[in-house]
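# okay, sequence plus prediction incoming.
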Amino acid sequence: MGVLADSVEGYLGSGSWIRRMFEAGAKLKAQHGVDKVQDFSLGNPDLPAPSAVGEGLREFAAHAGEPFAFGYMNNAGFPWLREKLADYLSAEQGVSLKGGDVMLSCGAAGALNAFLRAVINPGDELMCFAPYFVEYGFYVGNFGGVLKPVASKKDTFEPDIAAMEAAMGPKTRVVLVNSPNNPTGVIYGRESLKALCDLLARKSAEYGRTIWLVADEPYRFLAYDGAEVPSVLPLYPYAILVSSFSKNLSLPGERVGYAALSPLLDEREKVMAALTLTNRILGYVNPPVVGQQIMAKALGSHVDKSVYEARRKAMAEVLTKAGYEYRMPAGAFYFFPKAPGGDDVAFVSRLAEELVLAVPGSGFGCPGYFRLAFCVDEKVIRAAEGGFTRARKAFA
């Protein structure tokens, strides 16, 4: 007799390649020593949080003994902080937002799950461009929806709008874009996003139901060489932004994020009421008190981006010397090179024999490539050159 839901049994069997490689790395580190393993498997930022984070903690600690310091608040977060976040996002996104247009959440994942609970009916489809973050499929599956990936343009990983149109149908409910992209580092250009918004407007009218556009933007601050990260909020009424402070403040474990609605949306009040409700009934209840207090002080601060720029350069040099084919990432902290020999799973396994940990592209819906997270010390990147070279030669 099965003790679990069939879907969860399936999840346990397939699992996430990211977590599998992370766990394999833990075993290799225990066996060989931490300093012998070059681990590029997990996008877990290692840079210290900005000083404003510590300042926010100290200021909050001074009042932590007061009544209700850790008490419940509005399910969407402290109202005063929603106003502050709205002002910040208005400048960042090039729109005019008010406190009622934003909701604080338990990370970007919490915001995305709350949104999907509010708009997805069983059988509805969430579409995205592949490669994509594997958890999207789990999130939409939570509510009976189906993930329907569409291949991005070959080798460039730019959005293929024609392919998206060809794959859409009456069950299409949400299109999700992640830019800068995990795992490719590609930034979706303004013209591509405009074309996508035009497509969604046409298809919404054709099918007689709203097709939402979600922008997942935790890597917005990590754009290199002066690249622009266009906002979708001014482009389409049914656009929603979800993001977090996991990467720009190095706070992934604190779980504080947000959702923001386009000011072009007439039904903002109704949609925000729904998001606030689903945020509660999914069990998040409200965003973390400590995380909100940190955010209040650190809003606008970032980790030292120049460190990531140096690591990006180092990784490019190592991969070039080792003979790999890759596109220089325009944003985020990932490289997505071609897997020598074409079998990404076999190649990543061979890399692990060299004590170099990567994630196969199959884990992102894109076989034939592999992901490297360069949110590690530059010494780790440089130390991996020999392993990269030997693994590639094994598949020559």
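Ah, there it is.
# next, count neighbours for Gly110.
Neighbourhood size, Gly110 [other Cβ atoms under 10 Å]: 24. Placement of C-beta: from N, CA and C, glycine included.
# the closest residue in space to it that isn't next to it in sequence: what's it in contact with?
Closest residue in space to Gly110, ignoring its immediate chain neighbours: Tyr284 at 5.1 Å, by Cβ to Cβ, 6 or more residues apart in numbering. Taking Cβ atoms under 8 Å, 6 or more residues apart in numbering, we find Tyr284 in contact with 105-106, 110, 114.
# take the residues you listed and keep only those in strands.
Those of those mapping onto strands are Ser105, per DSSP state E.
# returning to that earlier point: element containing the residue nearest to Gly110, please.
Using DSSP states H and E, Tyr284 is not contained in any helix or strand.
# so how far is Cys106 from it?
Tyr284 sits at a distance of 5 Å from Cys106 (criterion: Cβ to Cβ, to the nearest Å).
# so who does the closest residue to Glu217 other than its chain neighbours touch?
Setting aside the residues directly before and after it, Glu217 is nearest to Ser243 in space (Cβ to Cβ, 6+ apart), at 4.5 Å. Counting by Cβ under 8 Å, 6+ apart, Ser243 makes contact with 108, 111, 216-218, 220, 257-258.
# reformat these as CSV; add pLDDT and distance to Trp80.
Formatted as CSV, those follow (pLDDT from 0 to 100; distance: Cβ to Cβ, whole Å):
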residue, pLDDT, distance to Trp80
Ala108, 96, 22
Ala111, 97, 19
Asp216, 97, 26
Glu217, 96, 24
Pro218, 95, 24
Arg220, 96, 24
Gly257, 95, 18
Tyr258, 97, 14
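# name the member of the residues you listed with the most neighbours.
Neighbour max across the contacts of Ser243 (other Cβ under 10 Å) = Ala111, 29 neighbours.
# isn't it up against Val256?
No. The pair Ala111 / Val256 is not scored as a contact, 10.2 Å apart, by Cβ atoms under 8 Å.
# quick check: neighbours shared by these two?
105, 244.
# related to what we said a few turns ago, which two in the contacts of Tyr284 are spaced the farthest apart?
Greatest spacing in those, by Cβ to Cβ: Cys106 and Ala114 (8.9 Å).
# neighbour-wise, which of these two wins?
Ala114 (26 against 23).
# from Asn75, how far out is that one?
10 Å.
# now do the shared contacts for these two.
What both Ala114 and Asn75 touch, as defined by Cβ under 8 Å, 6+ apart, is the set Asn279.
# going along the chain from the helix or strand hosting Arg20, find the next helix or strand for me.
Assigned by DSSP H and E, Arg20 belongs to helix 17-32. Using DSSP H and E, the helix or strand that follows helix 17-32 in sequence is strand 38-39.
# what is the distance between that following strand and the centre of its chain?
Here the centre of strand 38-39 is set off from its chain's centre by 21 Å, with Cα atoms, centre = their mean, to the nearest Å.
# cool, and stretch 198-211?
The answer for stretch 198-211 is 26 Å, by Cα atoms, centre = their mean.
# could you pull out the buried residues of it?
Residues of stretch 198-211 classed as buried: 199-201, 203-204, 211 (neighbour count, 16 or more other Cβ atoms under 10 Å).
# likewise for stretch 214-229?
Buried-residue list, stretch 214-229, by 16+ other Cβ under 10 Å: 214-224, 229.
# ok, which pair from those is furthest apart?
Top of the distance list for those (Cβ to Cβ): Val214 and Tyr224, 24.1 Å.
# for stretch 377-384, output the C-alpha coordinates as CSV.
C-alpha atoms of stretch 377-384 as CSV (Å, rounded to 0.1, in the frame of the first residue of the first chain):
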residue,chain,number,x,y,z
ASP,A,377,35.6,31.7,-4.4
GLU,A,378,37.8,32.5,-7.4
LYS,A,379,40.4,30.0,-6.1
VAL,A,380,37.8,27.2,-6.5
ILE,A,381,37.3,28.3,-10.1
ARG,A,382,41.0,28.4,-10.9
ALA,A,383,41.6,25.0,-9.2
ALA,A,384,39.0,23.3,-11.4
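# going forward, the N-terminal residue is numbered 15.
Done: numbering now begins at 15, and the last item shifts to stretch 391-398.
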